[in-house]
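Q: return atomic coordinates for the entry below.
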Amino acid sequence: FCIGAQESATEVDLNQPLTLEQCIQIGLERSTSMRNARLNLAIQELRVKTARADYFPRIFSTGAYDFSDQIDFGFEPENYDLGLRGQYTIWDNGQREGGFAQAKESLSATESRNEGIKQGVILQITEAYYDVLQFQALVEVSEQNLARAQDNTQRTKDFVEAGSLIPADVATAEVQEGNRRLTLLNNQNSLQVAKASLPRLLGLDPGVLITVAADEAYQLYQQRGTIERIQIPVEEAIQIALDNRPEFKETQAQLKSQEWSLTLAKLQRWPRLNADADYNVNLDDYLRERENFSDFRSWSLGVSLNFTLFDGGVLGNRVKELTMQLEQARENASDLERSVALDVRQSYLNLKRSEAAVDIAKTIVTNARLSLEVIQGRFDVDKAILLELLDAQTNYAQALTDEVNTFYDYKIAQTRLQDAMGVLQ
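A: Got it, this is the predicted structure:
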């Protein structure tokens with residue numbers, strides 16, 4: 001799950017507006033989830049090396065020092081011994097092979113799990129990035145709505161002075177202005193929260209000020225009024241998910257690892273044949289004599305066969321336990337395909353709904369703008385009352401807000417479908 005040929009996150013200038021791709025780069029390198037994922041992979045690689053080491057002999061050094069005030073014939077008060085001991089498993093009925101195979105399957109499961117973690121991090125960063133863009137756009141809309149309300153309040157006051165409106169109309173206009181000001185305040189606060197949440201997902205301090213680049217997709221949507229739509233049927237999306245979701249590879253590797261655990265537990269019943277070699281030196285005697293070294297050394301070779309005759313049912317119970325755990329894992333694996341299919345179908349339907357909502361919101365904005373322009377013109381020539389104008393302004397303000405929300409709901413729905421299909425990069 002390396003970044004590849006992309007620039008390192010350490011080379012990204014945080015003082016410049018960041019694109020979504022740059023944020024993802026930083027997050028994949030610095031986020032806590034990815035750091036832990038890399039550590040888990042390194043740990044599993046060490047376990048593979050440890051399992052491979054069982055194929056090699058083990059050599060130990062031994063040393064002893066004895067002191068006694070009870071001296072028998074031929075012994076000294078101080079005695080030193082030095083030796084080497086070697087041990088090698090000649091035959092264990094395949095336990096080493098099973099342990100090594102299990103470690104490799106666990107490594108494969110970890111790699112697949114890390115791919116899932118990577119996609120999860122990308123999803124979280126993308127959603128947080130879109131949250132910032134969404135609230136930035138909402139703040140801009142709120143500022144426009146507030147400016148429109150302030151202008152309306154001032155014009156209402158002018159009409160009151162001219163005698164065409166009453167003072168109560170000013171209060172009505174000021175209520176609308178206050179509501180617009182409150183909406184702006186809430187959106188500004190939400191924007192600050194979103195800007196604090198994004199750095200944390202990137203592995204940075206929440207106090208780091210990050211500026212995101214202008215959203216070209218939203219600008220293009222504003223210009224053309226169209227969006228990119230999903231072109232594949234839901235069944236094809238489900239098949240892509242079945243081919244790409246890392247959970248499937250992880251589950252298969254975990255199943256194989258558990259199968260090896262069961263095999264190893266069964267092999268514990270069989271004997272283990274070991275070879276032992278010892279080489280010892282009576283160091284204290286040699287240091288006193290300083291000659292005929294061969295007289296003070298000894299060596300031995302031996303073979304041992306270890307076999308469990310009775311353990312109170314420990315091995316049998318262990319085999320039964322692992323058998324039931326394996327059955328549980330297989331049942332969960334069979335349900336995974338159904339869960340993924342449901343996840344993709346739900347994400348697909350949510351995206352289709354979001355696409356339709358964007359079209360509806362765009363139409364509502366157009367109609368609300370036209371309605372406001374007509375009522376504003378009628379109000380200017382005393383053909384409409386103030387409440388009609390305020391109602392039209394409220395409808396237009398809500399339409400602009402809904403347009404922003406539906407667009408970014410669509411972008412997030414698009415991202416979630418990619419995640420459900422296992423193709424989020």
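
Q: for Y65, give me phi and psi.
A: phi -130, psi 130 (degrees, to the nearest 10).

Q: three-state assignment of the residue nearest to it when sequence neighbours are not counted?
A: Residue nearest to Y65 in three dimensions, not counting chain neighbours: Y80, with 5.7 Å by Cβ to Cβ, 6 or more residues apart in numbering. Where C-beta positions appear, they are placed from N, C-alpha and C, glycine not excepted. Secondary structure assignment for Y80 (DSSP: H, G, I helix; E, B strand; the rest coil): strand.

Q: looks like Y80 contacts L283 (just checking).
A: Yes. The pair Y80 / L283 is scored as a contact, 4.0 Å apart, by Cβ atoms under 8 Å.

Q: contact partners for D131?
A: When contacts are counted by Cβ atoms under 8 Å, 6 or more residues apart in numbering, D131 touches A194, S197, L198, Y408.

Q: per-residue pLDDT, it?
A: Note for D131: predicted pLDDT of 97.

Q: cool, and G63?
A: Looking at G63, its pLDDT is 80.

Q: hey, which helix or strand in the protein has the poorest pLDDT?
A: Within the chain, no helix or strand scores below helix 283-289, which has a mean of 67 by mean pLDDT, DSSP states H and E.

Q: re the thing from before, inside strands: which ones of the contacts of D131?
A: Per DSSP state E, strands hold no members of the contacts of D131.

Q: in helices, which of those residues appear?
A: Of those, the ones assigned to helices by DSSP state H are A194, S197, L198, Y408.

Q: A241: neighbour count?
A: Residues lying near A241 (other Cβ atoms under 10 Å) number 25.

Q: same question for the one 5 residues further on.
A: Other residues near P246 come to 19 when the count uses other Cβ under 10 Å.

Q: equivalent analysis for I232, please.
A: If you count neighbours by other Cβ under 10 Å, I232 ends up with 11.

Q: which ones are touching the residue nearest to it when sequence neighbours are not counted?
A: Leaving out its chain neighbours, the residue that sits closest to I232 by Cβ to Cβ, 6+ apart is I240, at 7.9 Å. For I240, the contacting residues are I232, M421, G422, V423, by Cβ under 8 Å, 6+ apart.

Q: quick one, grab the pLDDT at I240.
A: For I240, the model assigns a pLDDT of 95.

Q: could you do the one 5 residues further on as well?
A: At R245, the predicted lDDT confidence score is 93.

Q: what about it, distance to Y396?
A: Distance of R245 to Y396, given as Cβ to Cβ, to the nearest Å: 44 Å.

Q: is it true that Q95 touches A265?
A: No. Q95 is beyond contact range of A265, at 10.2 Å (criterion: Cβ under 8 Å).

Q: thinking again about what came up before, let's have the ones in helices among the contacts of D131 in TSV, adding pLDDT and neighbour count.
A: Putting the ones in helices among the contacts of D131 into TSV (pLDDT from 0 to 100; neighbours: other Cβ atoms under 10 Å) gives the following:
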residue	pLDDT	neighbour count
A194	96	19
S197	94	15
L198	95	25
Y408	97	23
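
Q: now render those residues as CSV, adding distance to G116.
A: Listed next are the ones in helices among the contacts of D131 as CSV, based on distance: Cβ to Cβ, whole Å:
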residue, distance to G116
A194, 25
S197, 22
L198, 22
Y408, 25
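
Q: of these, closest to A42?
A: Each of the ones in helices among the contacts of D131 was scored against A42 by Cβ to Cβ, and L198 proved nearest at 28.1 Å.

Q: show me what whichever strand or helix holds R338 is packed against.
A: With elements taken from DSSP states H and E, the one containing R338 is helix 314-380. Where contact means 3 or more Cβ pairs under 8 Å, 6 or more residues apart in numbering; DSSP states H and E, helix 314-380 is packed against helix 234-244, helix 246-267, helix 386-421.

Q: now the ones you listed in TSV, with distance to I360?
A: Putting the helices and strands packed on helix 314-380 into TSV (distance: least, Cβ to Cβ, whole Å) gives the following:
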stretch	distance to I360
helix 234-244	22
helix 246-267	35
helix 386-421	8
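
Q: who wins for proximity to I90 among these?
A: helix 246-267 (15.2 Å).

Q: show me what that closest one is in contact with.
A: 92-95, 98-99, 101-102, 105-106, 108-109, 112-113, 115-116, 119, 242, 315, 318-319, 322-323, 325-326, 329-330, 332-333, 336-337, 340, 422.

Q: out of those residues, which end up buried?
A: 92, 95, 98-99, 101-102, 105-106, 108-109, 112-113, 115-116, 119, 242, 318-319, 322, 329, 336-337, 340, 422 (16 or more other Cβ atoms under 10 Å).
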